[in-house]
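Student: What follows is a protein structure lacking sequence information:
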């Protein structure tokens, strides 16, 4: 089954009771049993829920994986992965990643005795110098948030397998439409399903997909024991969103490309970070491991002009100044004061998150309106 069919049918069955095409919303906490322990596969909705199960099957299908898990948020999904570790373990993470991930690593799990190394991973050889007997996980984002750095998943996978280390990939920006990390050797794929998978800015959710049953069983245990699950209504909404992922991503990519090239020639723009440019670092790797280059991009104002950056995001009319990304509507953000404010300024600036950096999540509106909006705001 090809991807465009999988998003609609993959892992799904018609409702056995009445033949409903869409999985019903099973808004229930518990299920009747005929005898103690005698049930139809569902006993309590923290553990299992038919609507959530349908979504988890869809997650697995679109990532070409065997086991999917749905959580109350992307950070809850990451939290579950971190709970595979114990005090004394070490994690190697990309040095440019979502601010919430950085906060979870450094403000929560670091206090439990887990050591984190934040490494520039565009050159995979940098990773190996940090590997030791305590290294248990490599955490990758690609493209990274917000600098759009590209990391070679297959090369990192070869390294992780050589040292028997788990490899997890945050695939939120690319989505399985553009990139499938399990196929490239990753052990765990993570999504903030709040973003492109849901696609309509109306639900907060996270997901994990794995192939290994023993690993899946550990994560299912953590999911149930910790309880950070999503509800059936949210599961239904993300299932609905996944069914149009392919057509939405096509337009996100088309619009993103047009805006990237518009910004690249604008006199008030210094740099544009978008992996589709041939001069973008690791462009060749992006081209080989991604189907297209997505609808996310960042840019800096000439002269690192902070005031001009703030004025620009405040003056946009079609783009909405807001947190998050991946919805049908176009959003803009100022990472230094919004999504990445939890990272110290000195650390932000080392990786390029300067005060004039603006991040765009390009939606599926008419691209001429989006370009006109950027033109008037920059002027």
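Tutor: That came through fine. Values in this document were obtained by computation on a predicted structure and should not be read as measured data.
Student: contacts, neighbours, all on C-alpha from now
Tutor: Fine.
Student: per-residue confidence averaged over stretch 195-214?
Tutor: For stretch 195-214, the mean pLDDT works out to 98.
Student: And that stretch, what's buried?
Tutor: 195-200, 203-211 (16 or more other Cα atoms under 10 Å).
Student: With stretch 1-9 instead?
Tutor: By neighbour count on 16+ other Cα under 10 Å, the buried set for stretch 1-9 is 3-4, 6-9.
Student: could those go into a markdown table alongside pLDDT, secondary structure and distance to residue 37?
Tutor: Formatted as a markdown table, the buried residues of stretch 1-9 follow (pLDDT from 0 to 100; DSSP: H, G, I helix; E, B strand; the rest coil; distance: Cα to Cα, whole Å):
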| residue | pLDDT | secondary structure | distance to residue 37 |
| --- | --- | --- | --- |
| 3 | 96 | helix | 39 |
| 4 | 96 | helix | 40 |
| 6 | 96 | helix | 34 |
| 7 | 96 | helix | 35 |
| 8 | 95 | helix | 34 |
| 9 | 95 | helix | 32 |
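Student: Which of these sits closest to residue 36?
Tutor: Here the nearest of the buried residues of stretch 1-9 to residue 36, counting by Cα to Cα, is residue 9; it sits at 35.0 Å.
Student: What residues does residue 75 make contact with?
Tutor: Residues in contact with residue 75 (Cα atoms under 8 Å, 6 or more residues apart in numbering) are 100-101, 104, 192, 206.
Student: what do you get for residue 274?
Tutor: So residue 274 contacts 148, 260, 280, 293, 296-298 (Cα under 8 Å, 6+ apart).
Student: What distance do you get for residue 50 to residue 232?
Tutor: 8 Å (Cα to Cα, to the nearest Å).
Student: List the residues that are in contact with both of the two.
Tutor: In contact with both residue 50 and residue 232: residue 26, using Cα under 8 Å, 6+ apart.
Student: where does the stretch 251-379 of the chain have low pLDDT?
Tutor: For the stretch 251-379 of the chain, no stretch is flagged by pLDDT under 70.
Student: Determine the longest helix present in the chain.
Tutor: Of all segments of type helix in the chain, defined using DSSP state H, the longest is helix 245-264.
Student: returning to that earlier point: CSV for the buried residues of stretch 1-9, including distance to residue 58?
Tutor: Below are the buried residues of stretch 1-9 laid out as CSV (distance: Cα to Cα, whole Å):
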residue, distance to residue 58
3, 11
4, 13
6, 8
7, 7
8, 9
9, 8
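Student: Which of those residues sits closest to residue 123?
Tutor: Residue 123 has its nearest neighbour among the buried residues of stretch 1-9 in residue 3, at 30.6 Å by Cα to Cα.
Student: so who does that closest one touch?
Tutor: By Cα under 8 Å, 6+ apart, the residues touching residue 3 are 62, 177, 246.
Student: Next, count neighbours for the second one.
Tutor: Other residues within reach of residue 177 by the criterion other Cα atoms under 10 Å amount to 22.
Student: Could you report the distance from it to residue 269?
Tutor: Taken as Cα to Cα, the span from residue 177 to residue 269 is 30 Å.
Student: cool, the first one as well?
Tutor: Residue 62 sits 37 Å away from residue 269, taking Cα to Cα as the criterion.
Student: Which one's more surrounded, those two?
Tutor: residue 62 (24 against 17).
Student: quick one: the helix or strand hosting residue 233 to helix 245-264, angle?
Tutor: In this structure, residue 233 is located in helix 232-242 according to DSSP states H and E. Angle, helix 232-242 to helix 245-264, by axes from the mean of the first three to the mean of the last three Cα atoms, to 10 degrees: 70 degrees.
Student: So which other helices or strands are in contact with helix 232-242?
Tutor: Applying 3 or more Cα pairs under 8 Å, 6 or more residues apart in numbering; DSSP states H and E, one finds that helix 232-242 contacts helix 50-62.
Student: partners of the helix or strand following the helix it packs on, with directions?
Tutor: Downstream of helix 50-62, the first helix or strand assigned by DSSP H and E is strand 67-71. Taking DSSP bridges as the criterion, strand 67-71 sits next to strand 206-210 (antiparallel) in its sheet.
Student: Which helix or strand lies directly C-terminal to the strand it pairs with?
Tutor: Next along from strand 206-210, by DSSP H and E: helix 213-226.
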